[in-house]
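Colleague: could you work out the structure for the sequence below:
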Amino acid sequence: MPDSAAAAPAKKIEFEDPHAGLGNLQEAEVTRVRTLRGVWRWALVIATAATILLCINQQFSLRFFIDYTQLNTEYFYLLIALMLPFTFLIFPGTETAPLNRIPWYDLLLALATFAASIWLMLNVRKAAQYGWESDGAPRNVIVAGLVMWVMLMEALRRTGGWSLLLSVFPFTVYPLFAEASWLGPFRGSQLTLDQATAYHVLSGESLLGIPIQAFADTVIGFLVFGTALMMTGAGKFFINIAFALCGTFRGGAAKVCIFASGLLGMMSGSIISNVLTAGTMTIPVMKKSGFRASYAGAIEACASTGAVLAPPVMGATAFVIAQFLNVSYAEVAVAAIIPAALYYIGLFMQVDSYAARHGLKGIPRAELPRVMDTIKDGWYYVFVIALLIVMLLYFKRESHAPFYATALLLVLNQVFSKDTRWTLGTIAKFLEVNGRTFVELVGILAGCGLLIGAFSMTGVVSSLANDLLTLAGDNAFLLLAMCAFTSLILGLGLTTTACYIFLAILVAPALEKLGLNRMAVHMFIFYWGMLSSITPPVAIASFAAAGIAGSPAMKTGWESMWVGSIIYFIPFFFVLNPALVLQGPSPYLAGLGLMAIAAVGTLFICGGIQGYQAFVGDLRGTGPLEWPLRVLLVIGGFVIATPGGGINPLSQWHMTLLGLAILAPTALLALVLIRRQALVPNQLRAP
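Modeller: Presented below is the predicted three-dimensional model:
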């Protein structure tokens, strides 16, 4: 319930600088990346502009190249040639490498990458015509391919770190010794170095495979839209809306954080930029409201991590999922609606129970922006987002939608906003910010593409799926638990996208063979890989939030796991019943019903975790029975939220009745004990 507003007037909370998030992102990254200046900055700006124009030309068939039709593979290589060399200019090779200048060896690596990309682009048409990827390529193409292979691995190390390189590199060379007996279930068809190189750089299954295809077809457009949205003041609009709507509720600052990060995440699809944009405003207000620093950082980290799951603009992994499943991006975005809703509902309930237990009040209304004033300042964002959703869901034009939405946004911004109108300097900054993002993504996605190629050329995936099923004894629950654990472990060292690609190749086929829905399986893998952002020892979202909160990084990481503990349960709900990812017969009606049941179960899980049950009260009032009751609330909530039927031997009615049989007496006993204690005069309670 909202707390009463203070009568005294106070300074209103506002997110003043619409570019603050991007600026903070630059500052946060300065310790590991170079900020290009002078001729190199303009080279990046020009290369980024060319990349965007090439994407527009390809998606809209504008025929920039007169009397010449560009093949998709040529287009992919041209994008790689424009972006990948900058990996060596922006990301230093070592911790001691200079940041204020570009060493000669980085320039040499950039030049070698550009030359190899162009040479392969010039030959990829002939490769398709003569089947070079499987029937032997000329020596000069093999040499260029080997150079590209080496450069990709170094780019992967610089963008994703040693952990990503050491995870991917052994698999890229694995086809060279795939027949070795010690490989066991990983044994497959062995290739020579020339054959493996040709397949990696010329086929549509490796370097030019699913990850780069997703980047070239849809990711570029959505990144451009997200950056344009933030640089036209969307940060101020969304955060002020969140403060206006949620600020007065108990624990209001934390609920604002969840709501604002969810809104921003829907548009940005980026975890770190979400933390650095929303967190700079919400974390200080949470601390002022009574949340300890590490807990405030943890709430922001968890809320921002949902950005890659929240449609309509999800993270890059969602586009890779669409390519893997050979479905439209819109279908993936629709499938993510209920998982994303449950994610934020769970966080909201966690925060509400925590705030109630610790007596944390809301922000006085006098300090908050007014809803109508905020809408008046940014009303046109609504039309832009509406256009994007209509283009995605009604017209099914996911490759065109972000460009139309960006064009409308820029026109409306120039006409109706005085504060955020773009100048030539803004355009250059816009291209630079996009360029840095493109470079990092190309470095990771292109390198991870070789992972897919390695398993494709050896044909080991199907046999590995059978081996996993044998190991799990055809037990779907055991295989899901194995997948979740593996995903979490891989996610500690890999990006969400790289982690997803690993498991989509290795584990997803086994889960699908058990009859589980394909979309649900891939969303399950994606979701668990995403959780690595808040799980120590890596926990990039938690560490970024800790920097803003001024709290110890590792402590904030452990707090994030506790705050986000509810969200570790949620993936199992939707993989057990695909209606929660809007698949199957009558998916919308069934999905909404299951979401409501899962939300009720989540309410009790959060009550048990935090020690305050909504509609019951503070469980400290139950005395020595507090912890047994909390455990029963978590168990009962989990039972009632878990879908029945399918691979679950119990039906939905059985699960619901069993959950109620646990929860009803538990909640009733807790209520009686709490009210009895309240009647005892002068009863002292623990702080």
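Colleague: buried ones in stretch 68-85?
Modeller: Judged by neighbour count (16 or more other CB atoms under 10 Å), stretch 68-85 contains these buried residues: 70, 73-85. For the C-beta atoms, the positions are set from N, CA and C on the backbone; glycine is no exception.
Colleague: also stretch 175-185?
Modeller: Neighbour-count burial for stretch 175-185 flags P175, L176, A178 (criterion: 16+ other CB under 10 Å).
Colleague: stretch 181-200 too?
Modeller: Buried residues in stretch 181-200, counted by 16+ other CB under 10 Å: F186, R187, G188, Q190, L191, Q195, A196, T197, A198, Y199, H200.
Colleague: using CSV, lay out those together with secondary structure.
Modeller: Listed next are the buried residues of stretch 181-200 as CSV, based on DSSP: H, G, I helix; E, B strand; the rest coil:
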residue, secondary structure
F186, helix
R187, coil
G188, coil
Q190, coil
L191, coil
Q195, helix
A196, helix
T197, helix
A198, helix
Y199, helix
H200, helix
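Colleague: of these, closest to T406?
Modeller: The closest of the buried residues of stretch 181-200 to T406 turns out to be H200 (CB to CB; 34.2 Å).
Colleague: helix or strand right after the least confident helix or strand in the chain by mean pLDDT?
Modeller: Least confident helix or strand, the chain: helix 20-29 with a mean of 38, by mean pLDDT, DSSP states H and E. Going down the chain from helix 20-29, the next helix or strand is helix 38-60, by DSSP states H and E.
Colleague: need the next SSE after that following helix, C-terminal direction.
Modeller: Past helix 38-60, the next helix or strand by DSSP H and E is helix 72-83.
Colleague: so how far is that next one off the chain centroid?
Modeller: With CA atoms, centre = their mean, to the nearest Å as the basis, helix 72-83 stands 25 Å off its chain's centre.
Colleague: elements contacting that helix?
Modeller: Counting contacts by 3 or more CB pairs under 8 Å, 6 or more residues apart in numbering; DSSP states H and E, helix 72-83 packs against helix 38-60, helix 104-130, helix 210-214, helix 424-458.
Colleague: redo the buried residues of stretch 175-185 as CSV? Include distance to L576.
Modeller: Shown next, in CSV, are the buried residues of stretch 175-185 (distance: CB to CB, whole Å):
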residue, distance to L576
P175, 37
L176, 41
A178, 36
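Colleague: re the thing from before, going by distance to I212, which of the buried residues of stretch 181-200 wins?
Modeller: Distance to I212 across the buried residues of stretch 181-200 (CB to CB) is lowest for H200, with 12.2 Å.
Colleague: that closest one - nearest residue in space that isn't next to it in sequence?
Modeller: S206 (4.5 Å; CB to CB, 6 or more residues apart in numbering).
Colleague: P185 too?
Modeller: Spatially, and ignoring its direct neighbours in sequence, P185 is nearest to D467 (4.0 Å; CB to CB, 6+ apart).
Colleague: and F249, how far from F348?
Modeller: Shown here: F249 relative to F348, a distance of 10 Å by CB to CB, to the nearest Å.
Colleague: hey, what's in contact with both of those two?
Modeller: Residues touching both F249 and F348 (CB atoms under 8 Å, 6 or more residues apart in numbering) are K255.
Colleague: ok, back up a step: would CSV of the buried residues of stretch 68-85 with pLDDT be doable?
Modeller: Below are the buried residues of stretch 68-85 laid out as CSV (pLDDT from 0 to 100):
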residue, pLDDT
Q70, 82
T73, 92
E74, 94
Y75, 94
F76, 95
Y77, 96
L78, 95
L79, 96
I80, 96
A81, 97
L82, 96
M83, 96
L84, 96
P85, 97
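Colleague: nearest residue to the middle of this protein?
Modeller: Computing the C-alpha centroid of the chain and ranking residues by CA atoms, centre = their mean puts V308 first, at 2.6 Å.
Colleague: so how far is L511 from that residue?
Modeller: Taken as CB to CB, the span from V308 to L511 is 21 Å.
Colleague: which residues in the stretch 301-450 of the chain form strands?
Modeller: For the stretch 301-450 of the chain, applying DSSP state E, counting those that start in this stretch gives no strands.
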